[in-house]
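>>> Okay, sequence plus prediction incoming.
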Amino acid sequence: ANSSNFTGNVAIREGQILMDSSNGSDRAGGIGQVTNISIDSALVAKSASTPILYYSARSGANDALNDNAVITLARGQLTLQSATASTETVGRIDVQGAGILKLTDGTLGTFTLGDATQGLTRVTNGTLHVVTAADGTMKTTVKVANAGTLAVDTLLPWISTSQGQFMKLDSANGNALTTVAADTADLNLANWTAYSSSTNLRVTGALTGTLSANTAVNSLGFSAASTLDLGGNTLNVASGGLSSVSGTAVLTNGSLTSDASAIYLNSGAISGELTVGAVISGDVDVVKSGFSTATLSGTNSNTYTGTTYVNYGQFYLAKGGTAVAVPGDLVVRNGGAVLVRTNTTGQFGASSSVSADNSYIKVDANALMNVGGTLTLDNAYLEVSYNTAATNMLRLTGAGTGFAFNGGAVQHNATIDGTMSLLTDVGYGSAS
């Protein structure tokens, strides 16, 4: 029942730490002097587990965490178990890549992010997945006292829910994280002409037919397996929010774009996959998040101009022939995984650079990973399979230092012949 009084940092790399204040004492099991808590799976592993901080509150005021504490989520999970009218305040949550916030345990309480400048921050295109009850409710209300540069009262496509929806900061309720209501989509695609860029849609069954014209929606979530046939038209997801939480959602036969700066491919916390066979176009980044798999497939090259980020889960590059899946740079971080699939040769643009930080890249059997920019491994794992034709599997041709190795491993995982061609300079960092 006594408080911990050390003042160093707390880092959770694997497993779970349980903080339990339910016996009625302030800071029982608490770390009230600590101002930096990192929940970070920064390990070189092909299937690193998700580390968890489980915070269990008691009724009334709690003070188990420092009011100025910064909780960093880097492929980590914060689980909040509230009690009736419980309150707790920290400084802010900082999302480094991807984070999970689970709000399904306990009864109604409040968790406030009280930083004077901005209570919820993220790196470029960082993503937060919120696990809610099946009906979309949350047992803990999370409030961001100061939104700072974050938009309020508008859908935030980088904050998705386990029900295939998205969230906003509700200014009428102290900037509380709140699910944005979505309309149930008409399952006949011919009727989607009624929708507009202000419509938030949730697909709950198998779609039929094809789009009959270019179509815009604000956000699109799938809670059932379905195929969205674009009929050669363009689908504009205006906010950039796209999510699948159950079964596989397939987008095919047309183009996918957005009015926003990024398209977020959120493929569930546990299940729910996304396969985009449509051409992704426009001046956008593409961001993969969620535990499950997202795949870029089809036979036509993607043409979007931005960077591709893999924050979490598996990202399959499976374009056919010489079609390009990733036309620009690729950034893989904090436990994300990229698989260059079998019998593919043109997954990257001619000058694309690939950067992997605490993450995993695999070149599948009979596949080729051809990088014309710089390949950077920073505490990352690159696995190269075999090629039955004994030809290139990995080919690096970047000018200058085309391969920067800053720690991790490169493994040729086969006894069958195959070539890794390093037609470039190699740089070794101090961590290698």
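Everything's here; your move. Residues are numbered from 1 along each chain as shown.
>>> So in the chain, where's the weakest helix or strand by average pLDDT?
For the chain, using mean pLDDT, DSSP states H and E, the weakest element among its helices and strands is strand 419-422, scoring a mean of 68.
>>> Determine how far stretch 321-339 lies from the middle of the whole chain.
In terms of Cα atoms, centre = their mean, to the nearest Å, the centre of stretch 321-339 is found 14 Å from the chain centre.
>>> Spatially, which residue comes closest to A409, not counting chain neighbours?
Sequence neighbours aside, Y381 is the residue nearest to A409 in space, at 5.2 Å (criterion: Cβ to Cβ, 6 or more residues apart in numbering). Any C-beta I mention is one placed from the backbone N, CA and C, and that applies to glycine too.
>>> tell me which element the one you found falls in.
Using DSSP states H and E, Y381 maps to strand 380-384.
>>> So for that strand, mean pLDDT?
Averaged over strand 380-384, pLDDT sits at 90.
>>> So in that sheet, which strands flank it, and in what orientation?
With DSSP bridges as the test, strand 380-384 is paired with strand 360-363 (parallel), strand 408-412 (parallel).
>>> That one: which residues count as buried?
Judged by neighbour count using 16 or more other Cβ atoms under 10 Å, the buried positions of strand 380-384 are 380-384.
>>> ok, the residues you listed vs A262, which is closest?
Nearest to A262 among the buried residues of strand 380-384: A380, at 22.9 Å, using Cβ to Cβ.
>>> residues in contact with that closest one?
Shown in contact with A380 (Cβ atoms under 8 Å, 6 or more residues apart in numbering): 44, 332, 356-361, 407-408.
>>> How much space separates it from S41?
13 Å (Cβ to Cβ, to the nearest Å).
>>> if I look at the two, which residues touch both of them?
In contact with both A380 and S41: N358, using Cβ under 8 Å, 6+ apart.
>>> Could you identify which of the contacts of A380 has the most neighbours?
Counting neighbours by other Cβ atoms under 10 Å, the top entry in the contacts of A380 is S359, with 31 neighbours.
>>> Go ahead and confirm it touches V331.
No: applying Cβ atoms under 8 Å, one finds S359 not in contact with V331, separated by 9.3 Å.
>>> Find residues that contact each of those two.
Common neighbours of S359 and V331 (Cβ under 8 Å, 6+ apart) are V310.
>>> tell me which element T110 is part of?
Per DSSP H and E: T110 is located in strand 109-113.
>>> Helices along this structure, start to end?
Counting by DSSP state H, the chain has no helices to list.
>>> Show me the shaky parts of it.
Low-confidence segments of the chain, defined by pLDDT under 70: 1-6, 21-33, 42-48, 269-270, 343, 387-392, 414-420, 423, 430-432.
>>> which residues sit in contact with the most centrally placed residue in it?
By Cα atoms, centre = their mean, the mean C-alpha position of the chain lies nearest to S289, the distance being 2.0 Å. Listed by Cβ under 8 Å, 6+ apart, the contact partners of S289 are 98, 127, 129, 158, 160, 264-267, 311-313.
>>> if you skip the residues just before and after it, what's nearest to it?
T127 (3.8 Å).
>>> go on, V123?
Spatial nearest neighbour of V123, chain neighbours left out: Q96 (5.5 Å); criterion: Cβ to Cβ, 6+ apart.
>>> To what extent is the one you found buried, counted in neighbours?
21.
>>> List the residues that contact the residue nearest to G119 when sequence neighbours are not counted.
In space, and not counting its chain neighbours, G119 is closest to L113: 3.0 Å by Cβ to Cβ, 6+ apart. Taking Cβ under 8 Å, 6+ apart, we find L113 in contact with 89-93, 119-120, 142-145.
>>> if you set the cut-off to 7 Å instead, what comes out?
Applying Cβ atoms under 7 Å, 6 or more residues apart in numbering, we find L113 in contact with 90, 92-93, 119-120, 143-145.
>>> Surely Q314 is in contact with T293?
Yes: assessed by Cβ atoms under 7 Å, Q314 is found in contact with T293 at 4.5 Å.
>>> gap between the closest residue to F315 other than its chain neighbours and V237?
Excluding the flanking residues, the one nearest F315 by Cβ to Cβ, 6+ apart is K288, at 4.5 Å. In this structure, K288 and V237 are 15 Å apart, going by Cβ to Cβ.
>>> Kindly report the same for T199.
From T199 over to V237 the distance is 10 Å, taken as Cβ to Cβ.
>>> Who is S421 paired with across the strands?
Residues in a beta bridge with S421, per DSSP bridges, are R395.
>>> Am I right that it is in contact with R395?
Yes: applying Cβ under 7 Å, one finds S421 in contact with R395, separated by 4.7 Å.
>>> Between the two, which is the more surrounded one?
Using other Cβ under 10 Å, the more surrounded residue of S421 and R395 is R395, with 18 against 13.
>>> count of residues packed around G336?
26.
>>> Also the one 10 residues further on?
For G346, the tally of surrounding residues (other Cβ under 10 Å) stands at 17.
>>> With T210 instead?
18.
>>> which residues sit in contact with the residue lying closest to it once chain neighbours are set aside?
Leaving out its chain neighbours, the residue that sits closest to T210 by Cβ to Cβ, 6+ apart is G231, at 3.3 Å. Residues in contact with G231 (Cβ under 7 Å, 6+ apart) are 210-212, 253-254.
>>> Report how many residues lie close to N366.
19.
>>> Likewise for L242?
For L242, the count of nearby residues is 29 (other Cβ under 10 Å).
>>> so it bridges to which residues?
Beta-bridge partners recorded for L242 (DSSP bridges): L220, L265.
>>> Surely it is in contact with Y264?
Yes: L242 sits in contact with Y264 when judged by Cβ under 7 Å, with a separation of 6.2 Å.
>>> burial count for the nearest residue to Q163 once chain neighbours are set aside?
Spatial nearest neighbour of Q163, chain neighbours left out: G136 (5.1 Å); criterion: Cβ to Cβ, 6+ apart. Per other Cβ under 10 Å, the neighbour tally for G136 reads 14.
>>> My guess is L103 contacts K139. True?
Yes: L103 is within contact range of K139, at 5.8 Å (criterion: Cβ under 7 Å).
>>> These two: who's more crowded?
In terms of neighbours (other Cβ under 10 Å), L103 is the more surrounded of L103 and K139; the figures are 24 against 18.
>>> In contact with the more buried one, which residues?
80, 130-132, 138-140 are the contacts of L103 under Cβ under 7 Å, 6+ apart.
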